[in-house]
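Asks: the amino acid sequence is not available; the structure is as follows:
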């Protein structure tokens, strides 16, 4: 979605750019790119390479993680080398002025496949410091004329520490489509239907967690907080999203969450909708949008989307997310990984319709002022221009 926003902005204000996207697998991104009339192709990443990553070793010791990734890396070596050769051949044929990679494996493989002297920009969407094996691999993959962009100041500072002074790093916040994410786009009955539930009764407050099923997105904390909300409250809780990752051990499953909801005694109050291609309709249908990540969020896209839709938002007060809202005015902040604190914030909003309305109104204003994607290409133009200029023998 971040890539689509950048390309949409470029199509609008940088028509001279000629992007060409190489995808590691088939999926909905292809259709989005076609709608933007952006040429794309699929160069399928081998499955053993696609599954490899730090997330598969969550909770393991540093030694176990590095050993496990080393074994997996060894098993994936032949596929990696073959893919690198295919990617290098395609890049040579395309003959770009600059290579922009979007994702950890893409950074590494792109650096290996990009010819010497060609500028390259890594778009960093995660904290490298929390991924020791990948951080080491990225350091080993540094090359001349490499720069990086973090999706928040927090991510950029972390990346600069990991990558060192040889790689210039700057921050550019993600932006969103404010014509897509806006007040009045939500349809709650659609969510109930997707979750195979009866329509919510009039006056029911809808509280939703909209997220991928990554293990750190806070689904457990959200359900534990929901269980602390008094039964007499007129409220229904929604889990919107589904599993999308291929990396082993990186996500929770539907049955795991259904079982937890039942054990907490709130199975009758929780609706699980699965993935929706129209997240703006899901977010717009909520009265309260919850961001519950259990580790620092690199950016926190759903926070901005909730604000843009004029919804009341509860967001974790750390990482890149802390850069996105003003406490008590555009969203309510919350201590991470604390079901009691989250339940308190949610219950406050359930009981106070005026506060929900105020947060939604001010959140929309902030989104328009700070997160309009139409300005995104201008900011990236500065990055691309700098990447293509060398001064005093140092690659920029």
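Replies: Good, I have the coordinates. Predicted, not measured: the structure shown is a model, and the values here were computed from it.
Asks: and the one residue sitting closest to the centre of the chain, what pLDDT?
Replies: Per Cα atoms, centre = their mean, the C-alpha nearest to the average position across the chain is that of residue 301, at 6.3 Å. For residue 301, the model assigns a pLDDT of 96.
Asks: would you map the strands across the stretch 101-250 of the chain?
Replies: Secondary structure of the stretch 101-250 of the chain (DSSP state E, counting those that start in this stretch): strands at 120-124, 146-150, 169-171, 205-210, 235-240.
Asks: how does this structure divide up, domain by domain?
Replies: Each structural domain of the chain that the record assigns through automatic domain parsing is listed here as a residue range: 2-175+373-395, 188-370.
Asks: so which of those gets nearest residue 182?
Replies: domain 188-370 (6.4 Å; Cβ to Cβ). For the C-beta atoms, the positions are set from N, CA and C on the backbone; glycine is no exception.
Asks: output the lowest mean pLDDT helix or strand found in this protein.
Replies: Lowest mean confidence among the helices and strands of the chain (mean pLDDT, DSSP states H and E): strand 394-395, at a mean of 34.
Asks: returning to that earlier point: winner for burial among the domains of the chain?
Replies: Ranked by mean neighbour count, these are led by domain 188-370 with a mean of 19 (mean count of other Cβ atoms under 10 Å).
Asks: now the strands for the stretch 251-396 of the chain?
Replies: Taking DSSP E, counting those that start in this stretch as the criterion, the stretch 251-396 of the chain carries its strands at 270-274, 288-290, 312-316, 332-334, 390-391, 394-395.
Asks: residue 127 is nearest to which of the ones you listed?
Replies: Ranking the strands of the stretch 251-396 of the chain by their distance to residue 127 (criterion: Cβ to Cβ) puts strand 312-316 first, at 14.1 Å.
Asks: please name the nearest non-neighbouring residue to the residue nearest to the centre of the chain.
Replies: Distances taken as Cβ to Cβ, 6 or more residues apart in numbering place residue 174 nearest to residue 301, at 6.0 Å, with adjacent residues excluded.
Asks: returning to that earlier point: where among the domains of the chain is the average confidence lowest?
Replies: Lowest mean pLDDT within the domains of the chain: domain 2-175+373-395, at a mean of 86.
Asks: quick one on the thing from earlier: can I get the domains of the chain in a markdown table with distance to residue 181?
Replies: Below are the domains of the chain laid out as a markdown table (distance: least, Cβ to Cβ, whole Å):
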| stretch | distance to residue 181 |
| --- | --- |
| domain 2-175+373-395 | 10 |
| domain 188-370 | 4 |
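Asks: still on that earlier bit, need the contact list for the residue nearest to the centre of the chain.
Replies: Contacts of residue 301 were listed using Cβ atoms under 8 Å, 6 or more residues apart in numbering, and they are 1, 2, 174, 176.
Asks: out of these, which sit inside helices?
Replies: The subset of the contacts of residue 301 located in helices under the criterion DSSP state H comprises residue 2.
Asks: could I get the strands of the stretch 101-250 of the chain as JSON lines with distance to residue 226?
Replies: Supplementary listing: those in JSON lines, determined by distance: least, Cβ to Cβ, whole Å:
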{"stretch": "strand 120-124", "distance to residue 226": "33"}
{"stretch": "strand 146-150", "distance to residue 226": "33"}
{"stretch": "strand 169-171", "distance to residue 226": "34"}
{"stretch": "strand 205-210", "distance to residue 226": "7"}
{"stretch": "strand 235-240", "distance to residue 226": "5"}
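Asks: wait, which of those strands is closest to residue 286?
Replies: Evaluated over the strands of the stretch 101-250 of the chain, closeness to residue 286 peaks at strand 205-210, with 4.3 Å, by Cβ to Cβ.
Asks: what is the orientation angle of that closest one with strand 235-240?
Replies: 20 degrees (axes from the mean of the first three to the mean of the last three Cα atoms, to 10 degrees).
Asks: mind listing residues that contact strand 205-210?
Replies: The contact list for strand 205-210, computed with Cβ under 8 Å, 6+ apart, reads 188, 191, 200, 217-219, 222, 226, 233-241, 279, 282-283, 285-292, 302, 305-306, 346, 349-350.
Asks: so how far is it from its chain's centroid?
Replies: The gap between where strand 205-210 is centred and where its chain is centred comes out at 19 Å by Cα atoms, centre = their mean, to the nearest Å.
Asks: what are the pairing partners of that strand, and which direction each?
Replies: strand 235-240 (parallel), strand 288-290 (parallel) (DSSP bridges).
Asks: give me the angle between it and strand 270-274.
Replies: Using the same axes, to 10 degrees: strand 205-210 against strand 270-274 is 40 degrees.
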